[in-house]
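Undergrad: Mind folding the following:
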Amino acid sequence: AAIDLYAKWLLEPSKRPPGWDPANDQLFLTRALGHMSLLFTQPQHTSRPIDTDELEVHSRLCDRVLNVYHLLLLQHAPQPYLKQQAQQQLPHQPLTHQGWEVLLRLLLGIVDSLLSVTNSDPREDTLANRLSSHLVQVLFDMWLGSGTTDTNLWAAFTRLAPRWVTYKPVILQWNFTSHLLTERALSLLHSSDKA
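TA: Numbers count the residues shown, from 1 in each chain. Predicted coordinates:
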């Protein structure tokens, strides 16, 4: 229920509580995203075996949060990204540089906490294994969709990403993203040659 409430408030501004001050939108957005990111915290290791039903519920809730994050991208991304996403007709509402920084740092932290080599084994049935594909897809989409040129964020990404390569979905998503970026670059090069 909390995910639904946050999603409604984040994605449908008209559904926010009465008396809402639009001047607080960015602050609310960053706090709500932070609250939602806490769901990705893994239970501490205990002596009892992993309950697959609990793990299933936990992973479904995390997937729902990732979907909300992705919808935020479609609402807040800079205009060039939205033109490429023609099938989505969501309103464009700009997110500040600080808002993007908070969101990208949260996603980096979430991905790293779940996928870093020291925290999880890619062969076990874990939250990390269940979410790795969706996590990396959302991170890469958000990263490219944000249009960030922040050198500190890029340095953090470059420092953390090598720790995730034990997960096949990371490699596959990296390959897919690289392929799309290369195709786009070639398309731009060839279209400028004709002009």
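Undergrad: Tell me which residues of the longest helix belonging to the chain come out buried.
TA: Assignment by DSSP state H gives helix 168-194 as the longest helix of the chain. Neighbour counts over helix 168-194 (16 or more other C-beta atoms under 10 Å) mark 169-170, 173, 177 as buried. For glycine as for every other residue, the C-beta is placed from the backbone atoms N, C-alpha and C.
Undergrad: again, but for stretch 107-126
TA: By neighbour count with 16+ other C-beta under 10 Å, stretch 107-126 contains the buried residues 107-108, 110-112, 114-115, 120, 122, 126.
Undergrad: just to revisit the earlier point, report all helices and strands that the longest helix of the chain contacts.
TA: In terms of contacts (3 or more C-beta pairs under 8 Å, 6 or more residues apart in numbering; DSSP states H and E), helix 168-194 is packed against helix 127-146.
Undergrad: Run through the neighbouring helices and strands of the helix it packs on.
TA: By 3+ C-beta pairs under 8 Å, 6+ apart, helix 127-146 packs against helix 52-76, helix 97-115, helix 168-194.
Undergrad: mind giving me a markdown table with the ones you listed and columns for distance to Leu29?
TA: Shown next, in a markdown table, are the helices and strands packed on helix 127-146 (distance: least, C-beta to C-beta, whole Å):
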| stretch | distance to Leu29 |
| --- | --- |
| helix 52-76 | 8 |
| helix 97-115 | 6 |
| helix 168-194 | 25 |
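Undergrad: Indicate which one of the ones you listed is closest to Val136.
TA: helix 168-194 (4.4 Å; C-beta to C-beta).
Undergrad: And the closest one, how far out from the chain middle?
TA: Mean-position distance between helix 168-194 and its chain equals 20 Å (C-alpha atoms, centre = their mean, to the nearest Å).
Undergrad: Would you check that Leu160 makes contact with Ile110?
TA: No: between Leu160 and Ile110 there is no contact under C-beta atoms under 8 Å: 11.1 Å.
Undergrad: pLDDT (mean, whole number) over the longest helix of the chain?
TA: Averaged across helix 168-194, pLDDT comes to 86.
Undergrad: helices and strands of the protein: which one has the lowest mean pLDDT?
TA: Lowest on mean pLDDT, DSSP states H and E among the helices and strands of the chain sits helix 79-84, with a mean of 51.
Undergrad: Distance of the spatially closest residue to Phe157 that is not a sequence neighbour relative to Leu135?
TA: Using C-beta to C-beta, 6 or more residues apart in numbering and skipping the chain neighbours, the partner closest in space to Phe157 is Leu108 (6.4 Å). Distance, Leu108 to Leu135, by C-beta to C-beta, to the nearest Å: 11 Å.
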